[in-house]
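1. Sequence and predicted structure are below.
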Amino acid sequence: MTIIVVEVIEMASDDVWTEKYRPKTLDEVIGQEQIVRRLKSYVKTGNLPHLLFSGPPGVGKTACAVALAKDMFGDTWQNNFTELNASDERGIDVVRNNIKNFARTAPLGDARFKIIFLDEADALTSDAQSALRRTMERYTATCRFIISCNYSSKIIEPIQSRCAVYRFGPLGPKDIETMARRIEKGEGIKITKDGLDAIIYVARGDMRRAVNALQSASTVSKDITAEAVYETTSTARPKEIEEMLKLALNGQFMDSRNKLDDLLIKYGLSGSDIIDQIYASMFSLGLDEDVLVALVDRIGEADFRLTEGGNERIQVEALLAHFKMHGEAMKK
Ligand SMILES: Nc1ncnc2c1ncn2[C@@H]1O[C@H](COP(=O)(O)OP(=O)(O)OP(=O)(O)O)[C@@H](O)[C@H]1O
């Protein structure tokens, strides 16, 4: 008989930098100033409406909800706050049962209500959202809901109208730098100038991506250089993307398509990764403004089609075809 021993290595939460550097109070949240200001005013008054947080991944929606609960409830925050993930659970019934169990007991300490944070609510069908709306109404006396989603347009109107809506934007380069410096100090590492630029480029406004990129780069090099960042994050260098775009603008469509193949194989990029990177690089190509306008419009179209399930390869190639057509028009 063969006995297979499976060794489970668990990382302590402090070993994961996104956990270690997660804001503990609203004061530690970086950027999102207007939102943080309004959330602090709830802490001051001790009251809260239902909230809807919408925005791209990794920009602080969960971080703000947890920090708000900590600031509002102090030591009893863990008893008065729960986080549920709408897409984890098998349907709204499980969510409802979890909500019911949590809401059944009275808030602890001085708290007037408990907070239920429902992540990825846009994963719920509209029927499930209608059920959620009734659940929200049922427990309003004892619970406040913070509903988090990437696209508020996917949340049904009756839920939106019951919530104060907060739109989180991507974080700016300065915000990413603030976090990078915080980690540099905390970990005793050194981030070089080009390393910081690479972190900002790789992050594309997503703080989770920035922190993960820093941690991965730190495993191959004590100094965080651009080389270490690109080596460990499966991101094409900006100059490789520019090279692909220049080939297309120059009329060499098949060469730019081959370059695209190289990048897809070398870095395992998804269609939306490539489109994000094309968008980030196209402004440094010295294109005329009207060409830029037309191409940004095309990028918007391709991005939308990808979220609707369009074929990644065809969408990116169609975009390169547009770069070629505009490149040729500019030569005339
Ligand atoms: N504004 C911010 N200030 C400080 N840290 C942040 C900020 N935004 C994100 N982070 C960091 O990135 C990690 C992920 O952030 P968070 O969980 O808040 O993302 P999110 O917006 O809820 O994303 P998702 O939509 O994927 O759930 C956090 O652990 C935190 O360390």
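-> Yep, it's here. What you see is a predicted model, and the numbers here were worked out from it, not measured in a lab. Numbering: from 1, shown residues only.

2. Phi, psi for D288 please.
-> Here is the backbone geometry of D288 (degrees, to the nearest 10): phi -60, psi 150.

3. And for it, the neighbour number?
-> Here the count is done by other CB atoms under 10 Å, and D288 has 11 residues near it. From N, CA and C alone the C-beta is placed, and that goes for glycine too.

4. same thing with G58?
-> Using other CB under 10 Å, the number of residues around G58 comes to 22.

5. And M330, by the same measure?
-> 12.

6. Over to R162?
-> Summarising burial for R162: neighbours were counted as other CB under 10 Å, giving 16.

7. Now it. Nearest residue, chain neighbours left out?
-> Nearest-residue entry for R162: H50, 5.5 Å, with adjacent residues in sequence omitted and distances by CB to CB, 6 or more residues apart in numbering.

8. Let me know whether the one you found touches I155 as I believe.
-> No: here H50 lies out of contact with I155, judged by CB atoms under 8 Å, at a distance of 11.7 Å.

9. okay, and the common contacts of these two?
-> With CB atoms under 8 Å, 6 or more residues apart in numbering applied, the overlap between the contact sets of H50 and I155 consists of I147.

10. ok, which stretches of the stretch 101-250 of the chain are strands?
-> Chain-ordered strands for the stretch 101-250 of the chain, with DSSP state E, counting those that start in this stretch as the definition, fall at 114-119, 143-149, 163-167, 190-191, 223-224.

11. got TSV for these, with mean neighbour count, mean pLDDT and distance to the ligand too?
-> TSV is the format used below for those (neighbours: other CB atoms under 10 Å; pLDDT from 0 to 100; distance: least, CB to the nearest ligand atom, whole Å):
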stretch	mean neighbour count	mean pLDDT	distance to the ligand
strand 114-119	23	94	5
strand 143-149	24	94	6
strand 163-167	16	96	11
strand 190-191	18	96	17
strand 223-224	20	94	17
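
12. In a markdown table: the ones you listed, plus distance to F102.
-> As requested, these are exported to a markdown table (distance: least, CB to CB, whole Å):
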| stretch | distance to F102 |
| --- | --- |
| strand 114-119 | 6 |
| strand 143-149 | 8 |
| strand 163-167 | 19 |
| strand 190-191 | 41 |
| strand 223-224 | 41 |
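
13. neighbour-wise, which of H50 and I155 wins?
-> In terms of neighbours (other CB under 10 Å), I155 is the more surrounded of H50 and I155; the figures are 22 against 18.

14. show me what contacts the nearest residue to that one once chain neighbours are set aside?
-> Counting by CB to CB, 6+ apart, the nearest residue to I155 once its immediate chain neighbours are dropped is C149, at 5.7 Å. Applying CB under 8 Å, 6+ apart to C149 gives the contacts 52-54, 120-122, 155.

15. mind running it again at 7 Å?
-> Under the criterion of CB atoms under 7 Å, 6 or more residues apart in numbering, the contact partners of C149 comprise 54, 120-122, 155.

16. Please name the bridge partners of it.
-> S54 (DSSP bridges).

17. average pLDDT across stretch 130-141?
-> Averaged across stretch 130-141, pLDDT comes to 87.

18. do the same with stretch 245-258
-> Confidence over stretch 245-258, taken as the mean pLDDT, stands at 95.
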